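A.B. asks: Need the 3D shape of this:
(one chain, ligands or ions: 1)
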Amino acid sequence: MSLITCENAAFAYENKPVIENLNFTVDSGDYLCIVGENGSGKSTLIKGLLQLMSPAVGKIIMGDELRANEIGYLPQQTALQKDFPASVCEVVLSGCLNQSGLRPFYGREQKQSARKNMEQLGILDLKNECYRDLSGGQQQRVLLARALCATTKMLLLDEPVTGLDPVVTYELYQLIEKINRELKITVVMVSHDIESAVKYASHILHLQNEQLFYGTTAEYLNSDLGKKFMRGDCDD
Ligand SMILES: Nc1ncnc2c1ncn2[C@@H]1O[C@H](COP(=O)(O)OP(=O)(O)OP(=O)(O)O)[C@@H](O)[C@H]1O
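C.D. replies: Alright, predicted model coming up:
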C-alpha cells in the first residue's frame, strides 16, 4: 500500500476553496516535487499531509506504515525563525520531541540520533554554535538534521533552497538526493525551482488551485504543461 493516498481531496479556508481535485499517491522511496505559482495551494496541501488541516472534501489516507507524527518536516523559513537563539544541538534535538511523549528530557537514543544526523549533514563541528549566527545554508542543514531526527520514513520539505546561493543550493540538493537514495527516505518537497525539480524528483505534482498534473518526471517533461512551465510561460 502507498504511504499516502490522496482521493478527490479539496482544501478550503472558511469555506473558500483553495485547492480541489487532488488525486495522487506517494509510495515508499518516491521523491515527489510539488510545483506551482505563488498562492496555488502548495503549503496548504503540506498542512493536509501533516494532518494539521482536514480536507473539506475527499480523503488523505495514510498507509499502515506511516503516521503523521513520523514525518520529518522542514517548514518555510521566516525571518523570526532565522533569528532563533538556541544552539545547533538544541535545534536538532528538538526534532526528537515527537518521540518523547510527556518526558521533559531527551534520552540517550535521541541524543545519539541527533549526533548521527549532524554527522550525516556535516554540521557536527557546529553543534555548540548559536543557530542564529549561522549562514543560510548551514541553517538549512541544521533544519534538515532536525527533520531527520523525526523520521526514518518521510521528509516533507517546504521550499528548502529559497534564498540560498547556487553553490549552497546544489550542495543541499545533493544531500537530499543522498537521503532519498541511500537512507531510503521518501521525500516530498515544495519547490519553485522547476529545473532542479525535474532533475532530482521521481514524480511531479503541479498545482494551480487544482491538480494540473501528477505523474512521473519523464511524463511531466513530455506533457504540454511541463514543456510550457519549463519555458516559464505558464500564464496563458
Ligand atoms: N490561513 C489562511 N487563511 C486564509 N487563506 C489562506 C490561509 N493560508 C493560505 N491562504 C490562501 O490560500 C491560497 C493558497 O495558499 P498557499 O500558501 O497554500 O499557497 P502556496 O502555493 O504555498 O504559495 P507560495 O508559493 O506563495 O508559498 C492563497 O490564496 C492564500 O492566500
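A.B. asks: quick one: least confident helix or strand in the protein?
C.D. replies: One helix or strand of the chain scores below all others by mean pLDDT, DSSP states H and E: helix 79-82, with a mean of 65.
A.B. asks: For the very next helix or strand once past it, name the packing helices and strands.
C.D. replies: Counting by DSSP states H and E, the element after helix 79-82 in chain order, helix or strand, is helix 88-93. Helix 88-93 is packed against helix 108-120, helix 136-149, with contacts defined by 3 or more CB pairs under 8 Å, 6 or more residues apart in numbering; DSSP states H and E. Every C-beta, even on glycine, is put in place using the N, C-alpha and C of the backbone.
A.B. asks: May I have the residues that are in contact with the residue positioned nearest the centre of the chain?
C.D. replies: Centroid-nearest residue in the chain: residue 157, 1.6 Å away (criterion: CA atoms, centre = their mean). Counting by CB atoms under 8 Å, 6 or more residues apart in numbering, residue 157 makes contact with 73-74, 144, 147, 176, 187-190.
A.B. asks: For it, identify the helix or strand it belongs to.
C.D. replies: Assigned by DSSP H and E, residue 157 falls in strand 154-158.
A.B. asks: could I get the helices and strands packed on helix 88-93 as TSV with mean neighbour count, mean pLDDT and distance to residue 197?
C.D. replies: Listed next are those as TSV, based on neighbours: other CB atoms under 10 Å; pLDDT from 0 to 100; distance: least, CB to CB, whole Å:
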stretch	mean neighbour count	mean pLDDT	distance to residue 197
helix 108-120	17	91	23
helix 136-149	23	92	17
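A.B. asks: looking at the ones you listed, which is closest to the ligand?
C.D. replies: helix 136-149 (16.6 Å; CB to the nearest ligand atom).
A.B. asks: and that closest one, C-alpha only, in PDB?
C.D. replies: Included here for helix 136-149 are C-alpha records, laid out as PDB according to Å, rounded to 0.1, in the frame of the first residue of the first chain:
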ATOM      1  CA  GLY A 136      21.600  30.400   5.400                       C
ATOM      2  CA  GLY A 137      23.000  27.200   4.000                       C
ATOM      3  CA  GLN A 138      24.200  26.000   7.400                       C
ATOM      4  CA  GLN A 139      20.800  26.800   9.000                       C
ATOM      5  CA  GLN A 140      19.000  24.700   6.300                       C
ATOM      6  CA  ARG A 141      21.400  21.700   7.100                       C
ATOM      7  CA  VAL A 142      20.500  22.100  10.800                       C
ATOM      8  CA  LEU A 143      16.800  22.100  10.000                       C
ATOM      9  CA  LEU A 144      17.300  19.100   7.700                       C
ATOM     10  CA  ALA A 145      19.100  17.200  10.500                       C
ATOM     11  CA  ARG A 146      16.200  18.200  12.800                       C
ATOM     12  CA  ALA A 147      13.700  16.800  10.400                       C
ATOM     13  CA  LEU A 148      15.700  13.600  10.100                       C
ATOM     14  CA  CYS A 149      15.500  13.100  13.800                       C
END
